[in-house]
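Enquirer: predicted structure and sequence below. I'll ask about it afterward.
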Amino acid sequence: MTRTNRIRAAVVTATAVVTAATVSVGVSQAGGPRTAPEPGKKQIAALFDRWNAALQTGDPEQVADLYAKDAVLLPTVSNKIRTDHAEIVDYFEHFLQNRPVGKKVETIVNVLDTDSAIDTGIYEFTLTDPKTGAERVVEARYTYEYEKRGGKWLIVNHHSSAMPEG
């Protein structure tokens, strides 16, 4: 190798080292690849408010649209497990006739990761008889399992059962 070729090789090597160092510093300063932050417990707990507001519309499709296409609903006032959109709509067509207004009594939120969380606890519903207008309050246990799909939080599993001692 001639002196000129050795100098060229040294310059190329030095340039490569400087470039690699610059790229490495740039990545370090940028913090590496960014991941979405985990949602806060308040954000997950507020998903109930979105669901409850959908109930207030009286539109079973609006409520069912908050559930994933493969969601499972174990409802409070039906013995049938609902496992697809049409079955969930069917449940809410009947449930919404009672003009339910929900309120959380106790909530426990577990954020599992950036795209999944569980909200479980006790809620109560004020139901209004469509014939008489009489109101009654039903207290129930609940669990919502949420997943963020396509940038939107959806219910993938919802279990609700009346309190056994109430």
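Expert: In hand now; what should we look at? Numbers count the residues shown, from 1 in each chain.

Enquirer: alpha carbons only for contacts and neighbour counts from here, please
Expert: Noted.

Enquirer: okay, now the unreliable bits of the protein?
Expert: Confidence mapping of the chain against pLDDT under 70 gives the ranges 1-35, 166.

Enquirer: can you pull out the helices in it?
Expert: Listed in chain order, the helices of the chain (DSSP state H) span 3-30, 41-45, 47-57, 60-64, 85-95.

Enquirer: buried stuff in stretch 52-64?
Expert: For stretch 52-64, a neighbour-count test (16 or more other Cα atoms under 10 Å) marks Asn52, Ala54, Leu55, Gln56, Gly58, Pro60, Glu61, Gln62, Val63, Ala64 as buried.

Enquirer: pull the longest strand from the chain.
Expert: If each strand of the chain is counted by residues according to DSSP state E, the longest one is strand 135-149.

Enquirer: sheet partners, orientation included, of that one?
Expert: The pairing partners recorded for strand 135-149 under DSSP bridges are strand 116-128 (antiparallel), strand 152-162 (antiparallel).

Enquirer: now these in JSON lines, with distance to Gln97?
Expert: Putting the strands paired with strand 135-149 into JSON lines (distance: least, Cα to Cα, whole Å) gives the following:
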{"stretch": "strand 116-128", "distance to Gln97": "8"}
{"stretch": "strand 152-162", "distance to Gln97": "18"}
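
Enquirer: tell me which of the ones you listed sits nearest to Glu87.
Expert: The closest approach between Glu87 and any of the strands paired with strand 135-149, judged by Cα to Cα, belongs to strand 152-162 at 13.4 Å.
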